[in-house]
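Engineer: Next one to model:
(2 chains)
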Amino acid sequence: DVKVTQSSRYLVKRTGEKVFLECVQDMDHENMFWYRQDPGLGLRLIYFSYDVKMKEKGDIPEGYSVSREKKERFSLILESASTNQTSMYLCASSPPTTGYEQFFGPGTRLTVL
Amino acid sequence: RKEVEQDPGPFNVPEGATVAFNCTYSNSASQSFFWYRQDCRKEPKLLMSVYSSGNEDGRFTAQLNRASQYISLLIRDSKLSDSATYLCVLYTGNQFYFGTGTSLTVIP
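Structural biologist: Numbers count the residues shown, from 1 in each chain, chains lettered A, B, ... in the order given. Next up, the predicted model:
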């Protein structure tokens, strides 16, 4: 079974802190994604990556950056956390075939105070 | 305009009922379509892909209508365990787009 893990299920940070969210997948997938999910807005794509050291902006990249130094690991960074970044963050991975199924991690519920 | 539009519900149906969800999309070049299921406080998981010819998996039937740009999901003989949020997803060849989800509660 594909397994996507995220470093924390729940996280509480203060405004202005630098926040790292880690995601690891064990299926050698090329594609990895970071989404945030908010009530009434659904899942929105923040960044994605189709290969090591490669990154592309999604629909809402402002306030975020990413790092992909190894194929299995995709990190989301909040350079200076703000209260409007309080959300559920979901990482996903998928095989290289375009349009194929995405496998999600369990999510990180981030609260910024 | 959103790429994907879904009726958020909630749909409350008795056990054994048949229920259908629709989802409309705006990008006529969309290539692939899916229904995902998300349980409360859990991650989304693939329920089924949607093909032009329609496809069935047990009590679940998915349809795609490219001319009218919508996809549908039909659940027959609803079970309590079907209670969840159902997400419509499409792939445009560049990225995935998710609907906001339709909430279903099956009542005993």
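Engineer: Kindly confirm my reading that residue A:27 forms part of a strand.
Structural biologist: No - according to DSSP: H, G, I helix; E, B strand; the rest coil, residue A:27 belongs to no strand; its state is coil.
Engineer: Spit out the contact partners of it.
Structural biologist: With contact set as CB atoms under 8 Å, 6 or more residues apart in numbering or on different chains, residue A:27 has these partners: A:2-3, A:93, A:95, A:103. Every C-beta, even on glycine, is put in place using the N, C-alpha and C of the backbone.
Engineer: Now do the strands in chain A.
Structural biologist: A:4-6, A:10-13, A:19-25, A:31-38, A:42-49, A:56-57, A:64-70, A:73-78, A:87-94, A:103-104, A:108-112 (DSSP state E).
Engineer: Give me the pLDDT for the residue nearest to the spatial centre of chain A.
Structural biologist: The centroid of chain A falls nearest to residue A:34 when counting by CA atoms, centre = their mean (2.8 Å). pLDDT, residue A:34: 97.
Engineer: Can you name the residues that contact it?
Structural biologist: Contacts of residue A:34 (CB under 8 Å, 6+ apart): A:21, A:23, A:45-48, A:58, A:64, A:66, A:74, A:76, A:89-91.
Engineer: what's the most distant pair in the contacts of residue A:27?
Structural biologist: Within these, two members stand farthest from each other by CB to CB: A:3 and A:95, at 14.3 Å.
Engineer: low pLDDT regions in the chain?
Structural biologist: You didn't pick a chain, so chain A it is. Within chain A, the stretches with pLDDT under 70 are A:1-2, A:97-99.
Engineer: other chain: chain B
Structural biologist: For chain B, the stretches with pLDDT under 70 are B:1.
Engineer: if we can go back for a sec, who has more neighbours out of residue A:3 and residue A:95?
Structural biologist: Comparing residue A:3 with residue A:95 by other CB atoms under 10 Å in any protein chain shown, the one with more neighbours is residue A:95, at 15 against 11.
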